[in-house]
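*Asks:* from the sequence below, what's the structure:
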Amino acid sequence: MLRLSKLTDYAVVVLVRLDSGTQVQTSPGIAATTGIPEPTVAKVLKSLSAAALVTSQRGARGGYRLARPLEDIPVGDVIAAMDGPIALAACVDGSATECESLALCPVRGRWDPVNEAIQRALSAISLADMREAAIPPIFRAPRTAELGHSDASR
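*Replies:* I've put the predicted structure just below:
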């Protein structure tokens, strides 16, 4: 089973939380509103900052904010920031590990197309998509097109 780390899951939660306002947010404040322990939030923010997904501001009014809108942050970027490059098997190009059976493997290098397809899929899903999926439809603001009329007919 392919499974992401808990830190990647927390990173998505933290990034979506940072989208809730234009002001900078502190690590303790994010921890209080998400229920994620503050040391974990700090660790996640450090990795997200290193990956240029968030920016930090020092000082008395310091904190963190998104480096770009959620619509422009693919899930694949968050996974790479927290867990490193996506590699399904040890023989995928760019994998940090090496397979001990590489010389004898009949499918050596055949995982690359599968890995690339997964990377494309994860790049096509933004954090804004994730945020929208988390809000039940009953609580979402209706779109004009869903109401059956345009702004001009109001």
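*Asks:* what is the burial count for residue 84?
*Replies:* The number of residues packed near residue 84 is 12, by other C-beta atoms under 10 Å. Yep, even glycine has a C-beta here, placed from its N, CA and C like the rest.
*Asks:* could you check how far it is from residue 8?
*Replies:* 10 Å (C-beta to C-beta, to the nearest Å).
*Asks:* next: residue 48.
*Replies:* With C-beta to C-beta as the criterion, residue 48 and residue 8 are 11 Å apart.
*Asks:* buried residues in stretch 35-46?
*Replies:* 36, 40-41, 43-45 (16 or more other C-beta atoms under 10 Å).
*Asks:* how about the strands of this protein, start to end?
*Replies:* 54-57, 63-66 (DSSP state E).
*Asks:* which pLDDT does the model give residue 126?
*Replies:* Turning to residue 126, the model gives it a pLDDT of 94.
*Asks:* oh, that last question was meant for residue 148, not what I typed.
*Replies:* At residue 148, pLDDT is 47.
*Asks:* hmm, back to that, what's the closest of the buried residues of stretch 35-46 to residue 124?
*Replies:* The shortest approach to residue 124 among the buried residues of stretch 35-46 belongs to residue 44, at 23.5 Å (C-beta to C-beta).
*Asks:* ok, the closest residue to residue 82 other than its chain neighbours - contacts?
*Replies:* Nearest residue to residue 82, sequence neighbours excluded (C-beta to C-beta, 6 or more residues apart in numbering): residue 8, at 4.2 Å. Residues in contact with residue 8 (C-beta atoms under 8 Å, 6 or more residues apart in numbering) are 78-79, 82-83.
*Asks:* now this structure, which segments are flagged as low pLDDT?
*Replies:* By pLDDT under 70, the weakly predicted segments of the chain are 1-2, 21-22, 90-98, 102, 134-154.
*Asks:* perfect, I'm done here.
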